[in-house]
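Participant: could you look at this predicted model? Sequence included:
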Amino acid sequence: MLDNKDYYFAQSMHKKKEDTQNLTSNLVEKIRSRVMDSNLETGAVFMTVDQIAAEYGVSRTIAREAASQLKALGLLKGRQRVGLVMHRPDAQDLMKNWLPLYARSLGGESIQALGQLRYTLELGAVGFAVTNATEDQTNQLKEIAAHFEAVTSAFGQTEEADKTELGFHSLILEMSGNPLISGMHGVLSDYFRVAVQKNPNWRKVSPDAVWEHKAIANAIALRDVELARNILRHHLDNSLSELRG
């Protein structure tokens with residue numbers, strides 16, 4: 001049990017920590033607003049940590065922590081012998097950082113939430129994929145579907161089959177021509193694939209998966225948006241139902 005001296009010391013340290021966190025959070029928001037309102041281009045010099053500390057009247061420790069948080073957000077980037085420079089956030093990198101923490105905070109609902117996010121992303125993008133896919137991409141998609149059939153027929157839903165299916169869905173999103181969509185899907189699908197393997201309701205082999213992949217590939221090759229979307233919806237509905245058990 002703490003005596004009075006230790007208790008007040010512990011309380012003082014806790015208060016000091018809270019004050020530091022508040023000062024840092026306030027500074028981050030001030031700098032974030034300044035960065036967003038500035039006309040500086042990517043790569044332009046913003047400030048050094050010492051300049052931030054002096055201008056905002058905070059300690060160098062707080063200025064350095066605020067700078068670290070802004071670099072983690074992708075708004076600023078450190079450059080040796082220069083200081084902090086303007087930077088454009090990379091959505092894929094940001095998603096890699098927040099997705100595992102977000103999923104963990106959801107507990108048992110995390111797989112459902114990830115599945116629904118993947119569902120929404122793919123269905124929303126398949127129209128762009130049909131419109132923008134090249135002939136080489138549609139042929140490649142058919143080849144991946146055929147390889148998936150061969151692997152699952154011979155060995156079941158092995159690790160090779162998992163990789164093949166991930167490649168199939170990743171290519172569809174790549175066909176959209178939007179690097180933001182394809183990048184986010186890459187992170188989401190890779191994490192989702194690992195996460196669902198831990199779910200007791202996940203059945204490894206879906207009896208409809210083979211023909212669904214082939215039908216989706218053929219519909220995209222025919223440039224039939226509604227057909228591709230309807231088959232993909234059925235395919236993703238099956239995945240979500242597996243997760244619900």
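Facilitator: Looks like it came in fine.
Participant: now do the helices in the protein.
Facilitator: Assigned by DSSP state H, the helices in the chain fall at 4-37, 49-56, 60-72, 91-106, 110-132, 135-155, 159-175, 179-196, 209-221, 225-244.
Participant: of all those helices, which lies closest to residue 82?
Facilitator: Nearest to residue 82 among the helices of the chain is helix 49-56; the distance by CB to CB comes to 11.7 Å. Glycine gets a C-beta too; all of them are placed from N, C-alpha and C.
Participant: name the residues that touch the closest one?
Facilitator: Around helix 49-56, the neighbours that count as contacts under CB atoms under 8 Å, 6 or more residues apart in numbering are 27, 30-31, 47, 58-60, 62-64, 66-67, 83-84.
Participant: the helices of the chain into CSV, with extra columns for mean neighbour count?
Facilitator: Rendered in CSV, the data for the helices of the chain read as follows (neighbours: other CB atoms under 10 Å):
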stretch, mean neighbour count
helix 4-37, 12
helix 49-56, 16
helix 60-72, 18
helix 91-106, 14
helix 110-132, 18
helix 135-155, 16
helix 159-175, 19
helix 179-196, 18
helix 209-221, 20
helix 225-244, 16
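Participant: OK, contacts around the residue sitting nearest the centre point of the chain?
Facilitator: By CA atoms, centre = their mean, the mean C-alpha position of the chain lies nearest to residue 95, the distance being 3.0 Å. Contact partners of residue 95, counting by CB under 8 Å, 6+ apart, are 183, 184, 187, 188.
Participant: relative to residue 147, how far out is it?
Facilitator: Spatial separation of residue 95 from residue 147 under the definition CB to CB, to the nearest Å is 28 Å.
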